[in-house]
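Asks: can't give you the sequence, but here's the structure:
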C-alpha cells in the first residue's frame, strides 16, 4: 500500500506558514527535498497552495522540484472552482480522508503533502498520514499558522534525523498511532 508523507518546513515554534521568512536554504535541504520527492508520484494540495503554485511552477526551472511537481498527479482539496489549468490536476470531491484512504490502495509511489497546512492537519486528524518529514528552522517565527495546531495526540517513531549546515533539523517520523495511555506522564 502507498504511504502518505507530509513534508513541511516549520520554525522551531511549529509555524509552517510563510517559511521563506525564517529559512536559509543550503545544499543539505536541497538533497533532503530531492530524497523526499524521489519516492512520490502524487501530491495532495489545498486550494490556496494550488493557486500559488499553479502560477509559478509550470514556468519554473528550480530543480528538482519543478520537474517533479509539474509531472506529478495533483489532487486539490477544494469546494471552490480552480483558476488556471495545470497539467495532471484533479479536484477532490467529497470527503478528503476517505478519498486518500482509497487513493492509498491504488498502484503507485508515495503520496506527498507539501505546504498545504490545512490538508496536512485534516489528514493527520483522519489517521491516514504514514510519515512526517519535517525541516525545522533554527528560528522562532512567533506568529503564523502552526502545523500541529488542533492535531490529535499521535505516537511518532523516529526514522532519521540530521542537521544541515545552516542549522536546520531534518527529522523524519513514522506516524504509528495514538500515544500509549499507560506511558509515563510529564511532571511539572
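Replies: Okay, I see it. Model, not experiment: these values are computed from the prediction. Numbers count the residues shown, from 1 in each chain.
Asks: Strands of this protein, start to end?
Replies: 4-10, 40-46, 73-77, 89-92, 110-114, 131-136, 155-163, 169-177 (DSSP state E).
Asks: quick one: contacts for residue 142?
Replies: Listed by C-beta atoms under 8 Å, 6 or more residues apart in numbering, the contact partners of residue 142 are 13, 15. Using the backbone N, CA and C atoms, a C-beta is placed for each residue, glycine as well.
Asks: re earlier: same list (the strands of the chain) but as CSV, adding distance to residue 100.
Replies: Converted to CSV, those look like this (distance: least, C-beta to C-beta, whole Å):
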stretch, distance to residue 100
strand 4-10, 6
strand 40-46, 7
strand 73-77, 8
strand 89-92, 8
strand 110-114, 7
strand 131-136, 14
strand 155-163, 19
strand 169-177, 13
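Asks: and those strands, which is most packed in?
Replies: Neighbour counts (mean count of other C-beta atoms under 10 Å) averaged over each of the strands of the chain peak at strand 110-114, with a mean of 25.
Asks: Take the strands of the chain and lay them out in a markdown table including distance to residue 83 and mean pLDDT.
Replies: As requested, the strands of the chain are exported to a markdown table (distance: least, C-beta to C-beta, whole Å; pLDDT from 0 to 100):
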| stretch | distance to residue 83 | mean pLDDT |
| --- | --- | --- |
| strand 4-10 | 25 | 98 |
| strand 40-46 | 14 | 98 |
| strand 73-77 | 11 | 97 |
| strand 89-92 | 11 | 96 |
| strand 110-114 | 20 | 98 |
| strand 131-136 | 29 | 98 |
| strand 155-163 | 37 | 97 |
| strand 169-177 | 33 | 95 |
